[in-house]
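S.K.: can you look at this prediction? I've put the sequence above it.
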Amino acid sequence: MNILTGKKEIKESWFLRRGNIAAFAIILTITVASGWYHCSIVYPEQSFSNLKFSQLKISILKTRQAAASEKKNKRDPLTSEGKSSNQKEAGFDGKQAKLDQETIILAQREDILSPKDEFSAEQEAVTPDQDDLTLTLDPASLAENCYLPQDSSFVILDCSTNKASIWQGTDSKPLLKSEIDYEWPFGEGLFVVGNDAEKGDFVFYHMSFFWNGTSVVDTNFWKRVAPLVQKNNVPLVAYSSAEQLNDIEKTDISMAEQTRKIRQVIFDWAEAWRRMDVDSLVDFYGNIFTCYFLDMDKPLVFAREQFRKIKEDILGKSEFVLLNISDPICIINPENPKVAIAVFDQHYRSSIYSDQGTKVLYFILVDEPDEKQNWKMVAKLWLPR
């Protein structure tokens, strides 16, 4: 069908045909409805970002209710002015009812979230200092939340300010020994920096083996740190003070307490090794254990049963085991408090083998079937002397 306009004849557009107009309208309606449904279900209240804000409002309302109740209890009818006691009580009850209604509305809005993302107003009221679980991201706070034995050292590097601080353990709390400016190119995480007799200066990050094939890099960082520490390698924690820690990922006790738990795990592990108790020894390890050596391009990776067989074979051939370890430096990653590192000196001797050097153990916090959490060893770096 053609449409005549004056002397010109133009063809009717495809979407002006009657049948196509109806089909187009149906498609448009379905698209709009689908989009509305998607937004309302997949992004309820922008999910997690608005969750904490709504929870904060609930907490504030609860605080206001508690303050109002306390004020009501302390009110002396004999000193009331202007209004009668009954009028004041009526006004207070009206405000209380309004607060209760606001709390109910906010709580109902939170009901659309999945159970794992819910935090009840009662929980907020019981723990009004929940924000205290978020660690202040300054070097002094981080140092105090690590376990640093006397006269040992480690480095804290703030990627936001490009400033490294060297801390030394004392009989009370860590002491800031020096600060240096350095543009750290390796990102955030738990590192070991030092000098190896064969490889030279190095920065070790346990995942770099999988990404780059080597942990040894050409950097002058160690040359600046070496005069400030006593040993030829130290652990380093790199973080960003510009970022806020996620308290949802926090463990149930403080980082300082967790580092001391890791320290005790290491002592118990060493004792099981001295006793040559394979079952107890293997129980300290995760399902996968990775062994790193600076002179190897790729690490050795063992499943738990493989690792058990190796230990059974070695200890079965050994008549005795003598093991001495130093008090370990224990550090939890502030960006991920379920990951930790421990560094200590180790001297091992048996009837068939002996060595000594620095051992670096990597831990993860594992949820056990009994609902408890335990630190498990998942990797090691061995730096022989």
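M.R.: Okay, I see it. Numbering: from 1, shown residues only.
S.K.: residue contacts, Gln306?
M.R.: Residues counted as contacts of Gln306 (Cβ atoms under 8 Å, 6 or more residues apart in numbering): none. Using the backbone N, CA and C atoms, a C-beta is placed for each residue, glycine as well.
S.K.: tell me how far the ends of stretch 171-183 are from each other?
M.R.: This stretch, stretch 171-183, spans 32 Å end to end (Cα to Cα, to the nearest Å).
S.K.: got the buried residues for it?
M.R.: Pro174, Tyr182 (16 or more other Cβ atoms under 10 Å).
S.K.: same thing with stretch 300-320?
M.R.: By 16+ other Cβ under 10 Å, the buried positions in stretch 300-320 come out as Phe302, Phe307, Arg308, Lys311, Leu315.
S.K.: the second one against Phe289, yeah?
M.R.: I take that to be Phe307. Yes: look at Phe307 against Phe289 with Cβ atoms under 8 Å: they come within range, at 5.3 Å.
S.K.: show me the contacts for Asp364.
M.R.: If you look again at residue 364, you'll see it is Ile, not Asp. By Cβ under 8 Å, 6+ apart, the neighbours of Ile364 are Gly286, Lys338, Val339, Ala340, Trp375, Lys376, Val378.
S.K.: would you list every one of the strands in the stretch 151-300 of the chain?
M.R.: Using DSSP state E, counting those that start in this stretch, the strands of the stretch 151-300 of the chain run over residues 153-158, 163-168, 175-181, 189-196, 200-204, 233-239, 285-293, 300-303.
S.K.: redo the ones you listed as TSV? Include mean pLDDT and distance to Glu257.
M.R.: Shown next, in TSV, are the strands of the stretch 151-300 of the chain (pLDDT from 0 to 100; distance: least, Cβ to Cβ, whole Å):
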stretch	mean pLDDT	distance to Glu257
strand 153-158	96	19
strand 163-168	96	19
strand 175-181	96	22
strand 189-196	94	19
strand 200-204	91	27
strand 233-239	96	18
strand 285-293	95	21
strand 300-303	94	31
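S.K.: TSV for these, including distance to Lys261?
M.R.: Shown next, in TSV, are those (distance: least, Cβ to Cβ, whole Å):
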stretch	distance to Lys261
strand 153-158	18
strand 163-168	21
strand 175-181	24
strand 189-196	17
strand 200-204	24
strand 233-239	18
strand 285-293	16
strand 300-303	25
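S.K.: of these, which is nearest Trp382?
M.R.: strand 285-293 (5.9 Å; Cβ to Cβ).
S.K.: got a list of contacts for the closest one?
M.R.: Residues outside strand 285-293 that contact it (Cβ under 8 Å, 6+ apart): 204, 206, 209, 215, 299-304, 307, 364, 366, 376-382.
S.K.: and what of stretch 317-331?
M.R.: Counting by Cβ under 8 Å, 6+ apart, residues outside stretch 317-331 touching it are 146-149, 152, 154, 169, 190, 235, 237, 259-260, 262-263, 266, 270, 273-274, 276, 315, 340-353, 359, 361.
S.K.: which entries within those meet the buried criterion?
M.R.: Buried among the contacts of stretch 317-331 (16+ other Cβ under 10 Å): 146-149, 152, 154, 169, 190, 235, 237, 259, 262-263, 266, 270, 273, 276, 315, 340-346, 348, 350, 359, 361.
S.K.: looking at this protein, which helix or strand is least sure?
M.R.: strand 2-5 (a mean of 37; mean pLDDT, DSSP states H and E).
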